[in-house]
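J.: okay, predicted coordinates and the sequence, questions at the end:
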Amino acid sequence: MTFVTRFAPSPTGYLHIGHAFSAVLAHDQARAVDGRFLLRVEDIDHTRCRPEFVGAIVTDLAALGLSWDGPIWRQAERMQTYRSVLDDLKARELVYPCFCTRRQVAEASPGNGFDGLIYGGTCARLGPSQVDARLAEGAVPAWRLRLHHALSLTGDVIWQDQEAGVQRWQGEGLGDVVIARRDIGTSYHLAVTVDDAAQNISHVIRGKDLFHQTPVHVLLQMLLDLPRPRYLHHRLIQDGMGRKLSKSEGVRSLRDIFTDGTDAGSLVGHLRSMIAGASPWDSV
Ligand code: GLU
């Protein structure tokens with residue numbers, strides 16, 4: 001099997017050290033086995049992504065000395081593909097339209113799950129005439145996965161993380177996740193699953209913050225008859241204050257780190273020394 005992995009940042013801000021760790025890890029794993037390392041820009045969310053951050057991703061990765069294979073994929077250019085996969089899921093009644101506002105979702109939620117409030121299923125109970133009436137009023141729905149119906153077709157989702165081992169998922173912690181947001185017409189789940197297959201990704205390497213999203217991707221792979229890559233969810237790098245890094249916490253970007261005098265070579269050397277302790281693939 002050819003080893004193909006990817007780095008797939010969303011251009012919603014400048015890359016930080018957590019991104020650099022992920023990119024160096026994926027890059028080095030690919031290079032070590034003569035595989036391929038792809039760069040995919042996950043820019044479906046036009047409300048948050050900005051063109052200058054796309055340019056910055058390219059510049060910052062080059063500054064880290066990383067090279068990628070083939071052209072850069074831009075998800076914003078693939079919306080038609082995501083739409084046709086959504087149409088297929090609609091035709092198979094695996095998704096349903098949801099008209100709930102955030103507030104209605106909160107009011108009917110049974111509680112918090114892995115990724116915020118679990119959806120209470122209000123719109124899953126709408127009849128066809130109620131849906132038609134809402135659409136006729138001009139309401140634009142999100143589309144949610146009929147999770148338990150989907151699982152009744154596929155059986156439990158069993159997948160393997162390179163570090164955490166075999167996982168079995170029966171739908172807990174997530175509920176009827178959004179497969180297409182009303183404002184962008186797709187979702188991270190749909191786009192990432194479709195693109196990992198379209199790019200023949202054999203090994204997905206990403207942070208543990210996405211660990212609980214992976215069973216949704218595996219479920220979609222099963223429903224859409226797509227190949228199933230192997231997964232490694234790596235640890236999240238901590239900043240000096242011991243907090244997990246994320247853009248929303250306003251941690252220092254790579255640019256700031258370079259401006260403050262750390263050169264890219266020593267940063268990458270430091271990251272590689274941390275990676276040396278990470279568990280490798282048992283076999284590729
Ligand atoms: N685009 C996602 C992010 O920036 C990562 C997606 C992935 O690696 O699956 O958090």
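T.: Looks like it arrived, so ask away.
J.: state the distance from the nearest residue to R50 once chain neighbours are set aside to A264.
T.: Using Cβ to Cβ, 6 or more residues apart in numbering and skipping residues adjacent in sequence, the residue nearest R50 is P11, 6.3 Å away. Quick note: C-beta positions are derived from backbone N, CA and C, even for glycine. P11 sits 20 Å away from A264, going by Cβ to Cβ, to the nearest Å.
J.: ok, the two, which is more surrounded?
T.: The neighbour count for P11 versus A264, taken as other Cβ atoms under 10 Å, is higher for P11 (22 against 16).
J.: for the more buried one, helix, strand, or coil?
T.: coil (DSSP: H, G, I helix; E, B strand; the rest coil).
J.: and it, what does it touch?
T.: Listed by Cβ atoms under 8 Å, 6 or more residues apart in numbering, the contact partners of P11 are V41, E42, D43, C49, R50, P51, F53, V54, A56, I57.
J.: 6 Å instead, please
T.: V41, D43, C49, F53, V54 (Cβ atoms under 6 Å, 6 or more residues apart in numbering).
J.: closest to V204 among the residues you listed?
T.: V41 (16.3 Å; Cβ to Cβ).
J.: the closest residue to that closest one other than its chain neighbours and the ligand: what is the separation?
T.: In space, and not counting its chain neighbours, V41 is closest to R74: 5.0 Å by Cβ to Cβ, 6+ apart. Here R74 is placed at a distance of 12 Å from the ligand (Cβ to the nearest ligand atom, to the nearest Å).
J.: and what of V24?
T.: Taken as Cβ to the nearest ligand atom, the span from V24 to the ligand is 14 Å.
J.: and the residue of the stretch 51-200 of the chain closest to the ligand?
T.: V192 (4.8 Å; Cβ to the nearest ligand atom).
J.: just to revisit the earlier point, out of the contacts of P11, which comes closest to G18?
T.: F53 (15.3 Å).
J.: residues touching the closest one, list them.
T.: P11.
J.: can you classify it by secondary structure?
T.: Classified using three-state DSSP, F53 is helix.
J.: pLDDT score for it?
T.: Note for F53: predicted pLDDT of 98.
J.: and M1, by the same measure?
T.: For M1, pLDDT reads 74.
J.: OK, contacts around it?
T.: M1 neighbours (Cβ under 6 Å, 6+ apart): S202.
J.: what do you get for P227?
T.: A197.
J.: any idea how far the ligand is from it?
T.: Distance from P227 to the ligand, by Cβ to the nearest ligand atom: 16 Å.
J.: got the residues of the stretch 51-200 of the chain near the ligand?
T.: Neighbours of the ligand within the stretch 51-200 of the chain, by Cβ under 6 Å from any ligand atom: V192.
J.: rerun at 8 Å
T.: Applying Cβ under 8 Å from any ligand atom, we find that the stretch 51-200 of the chain lies next to the ligand at Y188, V192, D196.
J.: cheers, nothing more for now.
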